[in-house]
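Novice: structure, please.
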Amino acid sequence: MKTIFKFATKSVKIILIAFGILVALIIGIIAVFLLVANYKNTHYWKYATPGGNIEAHYTALGPYDVSCVEFDAGNETYQKFEIWYPSEMKDSGAAYPLVIMANGTGVKASQYKAVFQHLASWGFIVAGNEDENSRTGASSSATLDYLLALNADQNSEFYGRIDMDNIGIGGHSQGGVGAINAVTAQDNGRLYKAIYTASTTSPYWGQENVFGLEWSYDISAINIPCFMVAGTGFADAGTAEDITATEGQGICPLWALSESYAAIPAAVPKVMAREVDKDHGDMLCSSDGYMTAWFMYWLKGDEAAGTAFFGENAELLSNSNWQDASVGGQP
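Specialist: Got it, this is the predicted structure:
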């Protein structure tokens with residue numbers, strides 16, 4: 001009996017040891033997976049598959065080393081202002097274009113630092129905040145005001161470092177709504193020179209009986225160059241064909257993108273396109289190359305970047321990564 005008991009005890013110990021080893025292996029595999037995933041997210045440009053030379057050029061990191069700084073916003077909603085900028089700024093004496101970024105739903109600026117870093121590496125000052133509900137444009141307006149105050153403060157490292165003639169704004173998802181409203185409905189909206197939106201929440205969701213009028217926007221009031229993108233994946237595209245459908249509404253379907261494009265005055269330079277096989281959550285990073293090119297052209301006068309969108313051989317129009325592209329209001 002004792003022999004049987006000893007054998008059973010030994011067997012249990014072996015099983016427990018084996019189980020412990022198995023659990024440790026699983027935890028180790030998960031940890032490695034998370035480390036790899038985090039690395040890919042923070043270095044997304046290394047894993048991108050751009051379909052054109054211009055897209056590839058601006059998808060890569062730019063030539064500038066980058067620094068960042070945070071300031072307490074003194075506001076429970078905005079929490080803090082995060083600013084990424086070329087490290088040389090303190091000593092260069094130069095002024096740099098500024099881009100304000102509006103957040104998607106529940107996505108704070110601190111959660112996509114890599115996007116700020118990427119854009120700043122091309123010679124921009126890039127700023128955002130922690131607002132998880134940016135749709136009215138108020139938090140973007142506050143961020144711009146804060147940066148302008150730093151630009152005017154002789155004791156600030158940003159004193160005189162913002163190129164006041166070249167300020168842009170971008171936003172993803174709800175942030176697209178916020179970017180549009182920042183330009184069209186906020187007092188300092190007149191200061192923006194160009195706008196970029198990715199997967200902007202469609203007008204369907206801004207109806208009073210759906211999400212509410214706070215989600216609405218008047219894109220016909222846009223009077224600055226506008227670049228709008230979305231993905232062909234289901235979450236963005238949905239199956240609905242117009243605003244009247246009560247089922248199958250995507251976040252940024254083709255019907256909404258097309259109607260927004262058409263609503264912008266014909267004289268205003270405007271571009272729309274959808275990225276093939278990309279969905280809502282992909283668009284902030286996957287369209288980064290062309291977003292960068294857009295701001296390089298309009299805020300830094302980079303003519304090579306402009307050929308991605310304009311001219312007889314505009315790259316976007318023949319890039320197999322993109323479809324449903326339209327270009328209007330040629331510069």
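
Novice: how about the helices of the chain, start to end?
Specialist: 2-42, 53-59, 89-92, 113-120, 138-152, 174-184, 234-237, 254-263, 283-286, 288-300, 303-306, 315-318 (DSSP state H).

Novice: residues in contact with the fourth one?
Specialist: Pointing back at helix 113-120 there. 41-45, 61-62, 64, 66, 68, 82, 84-86, 99, 101, 109, 126, 128, 284-285, 288, 291-292, 295 (C-beta atoms under 8 Å, 6 or more residues apart in numbering). Where C-beta positions appear, they are placed from N, C-alpha and C, glycine not excepted.

Novice: how far does that helix sit from the chain's center?
Specialist: Centre-to-centre, helix 113-120 and its host chain are 10 Å apart (C-alpha atoms, centre = their mean, to the nearest Å).

Novice: using CSV, write down the CA coordinates of that helix.
Specialist: Below are the C-alpha coordinates for helix 113-120, written out as CSV (Å, rounded to 0.1, in the frame of the first residue of the first chain):
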residue,chain,number,x,y,z
LYS,A,113,3.2,58.0,-30.3
ALA,A,114,4.8,56.2,-33.2
VAL,A,115,2.6,58.2,-35.6
PHE,A,116,3.7,61.5,-34.0
GLN,A,117,7.3,60.3,-34.1
HIS,A,118,7.1,59.4,-37.8
LEU,A,119,5.6,62.7,-38.9
ALA,A,120,8.0,64.7,-36.7
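
Novice: what's the angle from that helix to helix 288-300?
Specialist: With axes from the mean of the first three to the mean of the last three C-alpha atoms, to 10 degrees applied, the angle from helix 113-120 to helix 288-300 works out at 40 degrees.

Novice: what is the burial count for residue 313?
Specialist: Using other C-beta atoms under 10 Å, residue 313 is surrounded by 8 other residues.

Novice: I misspoke; the intended subject was residue 290.
Specialist: 30.

Novice: need the contact list for it.
Specialist: Counting by C-beta under 8 Å, 6+ apart, residue 290 makes contact with 55, 58, 227, 229, 273, 308-309, 316.

Novice: so how far is residue 273 from it?
Specialist: 8 Å (C-beta to C-beta, to the nearest Å).

Novice: now do the strands in the stretch 101-250 of the chain.
Specialist: Here the stretch 101-250 of the chain has its strands, by DSSP state E, counting those that start in this stretch, at 125-129, 162-172, 194-198, 226-231.

Novice: any chance of these in JSON lines, plus mean pLDDT and distance to residue 215?
Specialist: Below are these laid out as JSON lines (pLDDT from 0 to 100; distance: least, C-beta to C-beta, whole Å):
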{"stretch": "strand 125-129", "mean pLDDT": "98", "distance to residue 215": "19"}
{"stretch": "strand 162-172", "mean pLDDT": "97", "distance to residue 215": "13"}
{"stretch": "strand 194-198", "mean pLDDT": "98", "distance to residue 215": "14"}
{"stretch": "strand 226-231", "mean pLDDT": "98", "distance to residue 215": "16"}
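
Novice: among these, which is nearest residue 50?
Specialist: Set against residue 50 and scored by C-beta to C-beta, the strands of the stretch 101-250 of the chain come closest in strand 226-231, at 13.8 Å.

Novice: show me what contacts residue 215?
Specialist: Residue 215 touches 135, 174, 177, 201, 205-206, counting by C-beta under 8 Å, 6+ apart.

Novice: repeat that with 6 Å
Specialist: 135, 205-206 (C-beta atoms under 6 Å, 6 or more residues apart in numbering).

Novice: out of the residues you listed, who's nearest residue 255?
Specialist: When those are ranked by distance to residue 255 (C-beta to C-beta), residue 205 comes first, at 13.1 Å.

Novice: the closest one: neighbour count?
Specialist: Neighbour number of residue 205 under other C-beta under 10 Å is 20.

Novice: that one contacts residue 214, doesn't it?
Specialist: No: between residue 205 and residue 214 there is no contact under C-beta atoms under 6 Å: 10.4 Å.

Novice: which residues are common contacts for the two?
Specialist: By C-beta under 6 Å, 6+ apart, no residue touches both residue 205 and residue 214.

Novice: quick one: low-confidence parts of this protein?
Specialist: Across the chain, the ranges flagged by pLDDT under 70 are 1-12, 16, 18-43, 45.

Novice: if you set the cut-off to 90 instead, what comes out?
Specialist: Applying pLDDT under 90 to the chain picks out residues 1-50, 90, 93, 106, 112, 284-285, 312, 330-331.

Novice: residue ranges of each domain in this protein, please.
Specialist: Split into domains by automatic domain parsing, the chain comes to 1-43, 54-328.

Novice: the residue nearest to residue 220 when sequence neighbours are not counted and residue 179, how far apart?
Specialist: Sequence neighbours aside, residue 263 is the residue nearest to residue 220 in space, at 4.3 Å (criterion: C-beta to C-beta, 6 or more residues apart in numbering). According to C-beta to C-beta, residue 263 stands 16 Å off from residue 179.

Novice: comparing those two, which residue is more hemmed in?
Specialist: residue 179 (31 against 14).
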